[in-house]
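Trainee: need the 3D shape of this:
(one chain, ligands or ions: 1)
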Amino acid sequence: MAQLDQERCEACHADAPKVSDDELKELMREIPDWTPVTNDGVMMLQREYKFKNFKQALAFTNRVGEIAEEEKHHPEITTEWGKVTVTWWTHSINGLHKNDFIMAAKTDKVVDA
Ligand SMILES: C[C@H](O)[C@H](O)[C@H]1CNC2=NC(N)=NC(=O)C2=N1
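Mentor: Residues are numbered from 1 along each chain as shown. This next block holds a predicted model:
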């Protein structure tokens with residue numbers, strides 16, 4: 001199977017399928033540092049990244065913004081001193097699509113880079 005971080009996002013449509021419980025289990029194995037969270041009934045993927053200062057946190061935020069623009073799939077990002085919280089979900093389906101797992105894997109790659 002192709003590595004998740006090498007895959008590309010598909011265009012989001014309101015009728016696109018949410019990931020099933022079985023798919024969720026399988027996909028979580030590829031992004032073990034992420035946590036599925038539910039906000040107002042909407043399932044999301046969330047991870048906190050730690051940095052030495054605000055400048056590094058901001059640089060990471062901007063790199064995540066660049067991959068979001070490349071893939072036309074956009075996260076919620078909260079940038080603080082030494083910490084960035086990234087949350088992925090698919091607005092058009094109010095839940096998790098495979099795109100969110102692809103983007104979580106790509107986000108992990110950004111921090112390794
Ligand atoms: C037209 C445009 O590609 C869509 O509105 C995209 C933009 N980015 C998006 N990002 C996320 N996370 N979910 C979406 O449904 C979404 N839709």
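
Trainee: run a quick neighbour tally on L96.
Mentor: Residues near L96, counting by other CB atoms under 10 Å, number 22. (Each C-beta comes from the backbone N, C-alpha and C, glycine too.)

Trainee: part of a strand, is T85?
Mentor: Yes. Remark: T85 belongs to a strand, assigned using DSSP: H, G, I helix; E, B strand; the rest coil.

Trainee: so what's the residue count around it?
Mentor: 14.

Trainee: show the contacting residues for it.
Mentor: 46-49, 77-78 (CB atoms under 8 Å, 6 or more residues apart in numbering).

Trainee: so what sits opposite it in the bridge?
Mentor: T85 forms beta bridges with E48, T78, as assigned by DSSP bridges.

Trainee: outside of the top helix by length along the chain, which residues touch it?
Mentor: If you go by DSSP state H, the chain has its longest helix at helix 54-71. If you take CB under 8 Å, 6+ apart as the criterion, helix 54-71 is touched by 8-9, 49, 51, 74-75, 77, 79-84, 86, 99, 102-103, 106-107, 110-111, 113.

Trainee: hang on, the earlier thing: closest one of the contacts of T85 to R29?
Mentor: R47 (15.1 Å; CB to CB).
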